[in-house]
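Q: Fold the following and give me the result.
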Amino acid sequence: MKNQVQLITYADRLTGNGLTQLKQLLDDSFGGLFSGVHILPFYYPIDGSDAGFDPIDHTQVDSRLGTWQALSDIGQSYEVMADLIVNHVSAQSDEFQDVLAQGHKSPYWSMFLKETDVFPDGITQAQASAIFRPRPTSCFSPKKLASGEVVNFWTTFTDNQIDINVESDSGKRYLDSVLNLFANNGVKIIRLDAAGFAIKRAGTSCFMSDETFVFIQQLAERARRLGMETIAEIHSHYKTQIAVAKKVDRVYDFALPPLVLHTLFSKNVDALVSWLAISPRNCLTVLDTHDGIGIVDAGPEGDKSGLLNANEIDELVQQIHVNSQGESLKATGAAASNVDLYQVNCTYYDALGKDDLAYLTARAIQFFSPGVPQVYYVGLLALNNDMALLEKTQVGRDINRSYLSLEQVHMQLDKPVVKGLCELIKLRNESNAFNGEFSVQGAHNALSMKWQNLQELACLDIDFIQGTTVLSFSCAKQNKVINLADLLR
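A: Numbers count the residues shown, from 1 in each chain. Next up, the predicted model:
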């Protein structure tokens, strides 16, 4: 993977069209900004109950977006990242519909995980309480077979997303078929969606167990043999993230988004500096994604202390609600149909109160943090909360998943904050210093981040009391000093 900035986007919501138009946008309007692109689920259908993360057919590109050839065309110029939806498929999939029709006689019977597969004698209340899940209701959904038999199928997320038994022969064949299809159509990087939930064992949390680590390693090895790199997508306590990073190609630094907000809100860098000193180096950094702003990644868990304490987490969440004028409150938790109750739904730009300088400062911190940066299309264009879409769908995360036309994209590209962000992206891409050694210093109200690669240097110095952010780059050819506020002029 190249150590340059990547884009995260839907093929339809950014361009108003599909894969061919996405490539044109990458080549033209976004020319020179991105070395790679994470194209969020483009499988059939893109408009299911979970915006493509509940595929009816994981092996079919939704015809409204294009074809596998169109995806391959993007892969000729950019490192394409795609989601391998490891944990589940849609209840409307041919495979599950066959199970409902034929029951135990279906060739796909073993592909789907049932309560009795893990709890043959039934689950006890104690066992149910031990299971970690992102929603407050049961992790099982009863489904009636054509025979009249009612079976409890495991549904970690929603009752339309039926968990795969990834340890069964049919489950393995299913995942291998998708892996091979990816490899044959230009995909270079695979995001293992919800892989932390894939292995279930009685008497455990059924999340990121030792067996899960083994499963992820084996899946990554199969992908590697096909010429692809894997990314583990796991929201959890920061110590779990550090442990996972030692066993996979890359992880996400999901602790960074809340820590950057905390730093900008409190003007205190201590928690951020502590994290950057120990954070995984083999990571992707994000501030925003198609999901909400994760909180669990920086907070305490049970008797384990977090990077932020419970009071600091509460203050962080409340400040987001204040900055967004209560819009995030309408989209978060029980206020809308959310499966992820540990996230705050809000655009990152609105979470910072539409403060252009604060927003560019947040991006500068991201770009200087260890890892390969990814920028979500909503964040690239500094979009506001999409309250109209939220009202229409009543899906909390849609507040941060706008549908745009090309005209709207070009209009946003003219905004000073977006022009400034594009300049930051170019600076990050052009400096070879980021392939060197990282160091961080800071106390209370000042932060200094530095990268050095032989004689090349890249430095970021922020004084949160004075409100100044300065970037400096030096190499044999030239020295460059930039006041971040000047990028907004």
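Q: so who does Val375 touch?
A: Residues in contact with Val375 (Cβ atoms under 8 Å, 6 or more residues apart in numbering) are Val5, Gln6, Leu7, Ile8, Val286, Leu287, Arg363, Leu421, Ile425. (C-beta placed from N, C-alpha, C; glycine too.)
Q: Among those residues, which ones are in strands?
A: Among these, the residues falling in strands (DSSP state E) are Gln6, Leu7, Ile8.
Q: Save those residues as CSV, and put in pLDDT, neighbour count and distance to Tyr377 too.
A: What follows is the ones in strands among the contacts of Val375, written out as CSV (pLDDT from 0 to 100; neighbours: other Cβ atoms under 10 Å; distance: Cβ to Cβ, whole Å):
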residue, pLDDT, neighbour count, distance to Tyr377
Gln6, 98, 24, 11
Leu7, 98, 25, 7
Ile8, 98, 25, 7
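Q: any chance of these in TSV, plus distance to Glu79?
A: Listed next are these as TSV, based on distance: Cβ to Cβ, whole Å:
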residue	distance to Glu79
Gln6	7
Leu7	11
Ile8	13
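Q: Which one of those is nearest to Val440?
A: Nearest to Val440 out of those is Gln6 (Cβ to Cβ; 22.7 Å).
Q: And the pLDDT at the residue nearest to that closest one when sequence neighbours are not counted?
A: Leaving aside its chain neighbours, Gln6 sits nearest to Gly36 (4.0 Å; criterion: Cβ to Cβ, 6 or more residues apart in numbering). Here, the pLDDT recorded for Gly36 equals 98.
Q: tally of neighbours for Gly36?
A: Residues near Gly36, counting by other Cβ atoms under 10 Å, number 23.
Q: so what's it up against?
A: Met1, Lys2, Gln4, Gln6, Leu7, Tyr78, Glu79, Val80, Met81, Lys188, Ile189.
Q: Provide a list of residues in contact with the third one.
A: Taking Cβ under 8 Å, 6+ apart as the contact definition, Gln4 lies against Phe34, Ser35, Gly36, Val372, Arg428, Asn429.
Q: just the strands in the stretch 251-400 of the chain please.
A: 283-285, 293-294, 343-344, 372-376 (DSSP state E, counting those that start in this stretch).
Q: Which residues does the first one contact?
A: Residues outside strand 283-285 that contact it (Cβ under 8 Å, 6+ apart): 6, 231, 245, 250-253, 256, 366-367, 369-374.
Q: I'd guess Glu167 is in a helix, am I close?
A: No: Glu167 is assigned coil when assessed by DSSP: H, G, I helix; E, B strand; the rest coil, not a helix.
Q: Would you list the phi and psi of it?
A: Note on Glu167: backbone dihedrals following degrees, to the nearest 10 are phi -90, psi -10.
Q: Check Thr156 and give its pLDDT.
A: Thr156 is given a pLDDT of 94.
Q: One more: Ala232?
A: pLDDT, Ala232: 88.
Q: could you check the distance from the residue nearest to the spatial centre of the chain over to Ile231?
A: Centroid-nearest residue in the chain, with Cα atoms, centre = their mean: Thr289, separated by 5.0 Å. According to Cβ to Cβ, to the nearest Å, Thr289 stands 12 Å off from Ile231.
Q: which stretches of the stretch 101-250 of the chain form strands?
A: Under DSSP E, counting those that start in this stretch, the stretch 101-250 of the chain gives strands at 140-144, 150-154, 161-163, 187-193, 229-232, 250-253.
Q: nearest to Tyr348, of the ones you listed?
A: Tyr348 lies closest to strand 250-253 among those, at 14.6 Å (Cβ to Cβ).
Q: What are the contacting residues of the closest one?
A: Residues from elsewhere that reach strand 250-253 (Cβ under 8 Å, 6+ apart): 1, 229-234, 241, 244-245, 279-280, 282-286, 369-372.
Q: same thing but 6 Å
A: Contacting residues not belonging to strand 250-253 are listed as Ile231, Ala232, Gln241, Val244, Ala245, Ser279, Pro280, Asn282, Cys283, Leu284, Thr285, Gly371 [Cβ atoms under 6 Å, 6 or more residues apart in numbering].
Q: circling back: could I get the strands of the stretch 101-250 of the chain in TSV, plus columns for mean neighbour count and distance to Thr67?
A: Formatted as TSV, the strands of the stretch 101-250 of the chain follow (neighbours: other Cβ atoms under 10 Å; distance: least, Cβ to Cβ, whole Å):
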stretch	mean neighbour count	distance to Thr67
strand 140-144	16	33
strand 150-154	18	32
strand 161-163	26	26
strand 187-193	23	14
strand 229-232	23	24
strand 250-253	25	29
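Q: Identify whichever of the ones you listed lies nearest to Thr263.
A: Nearest of the strands of the stretch 101-250 of the chain (Cβ to Cβ): strand 250-253, 14.3 Å.
Q: Now the closest one: average pLDDT?
A: Strand 250-253 comes out at a mean pLDDT of 94.
Q: Extract the C-alpha set from it and format it as PDB.
A: Taking C-alpha atoms only, strand 250-253 is exported to PDB below (Å, rounded to 0.1, in the frame of the first residue of the first chain):
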ATOM      1  CA  ARG A 250      -3.300  -3.200   9.100                       C
ATOM      2  CA  VAL A 251      -5.900  -1.900  11.500                       C
ATOM      3  CA  TYR A 252      -7.800   1.400  11.700                       C
ATOM      4  CA  ASP A 253      -6.800   4.000  14.200                       C
END
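Q: in its sheet, what does that strand sit against?
A: strand 229-232 (parallel), strand 283-285 (parallel) (DSSP bridges).
Q: contacting residues around the most far-flung residue of the chain relative to its centre?
A: Farthest-out residue of the chain from its mean C-alpha position, per Cα atoms, centre = their mean: Ser147, at 40.5 Å. Taking Cβ under 6 Å, 6+ apart, we find Ser147 in contact with Gly103.
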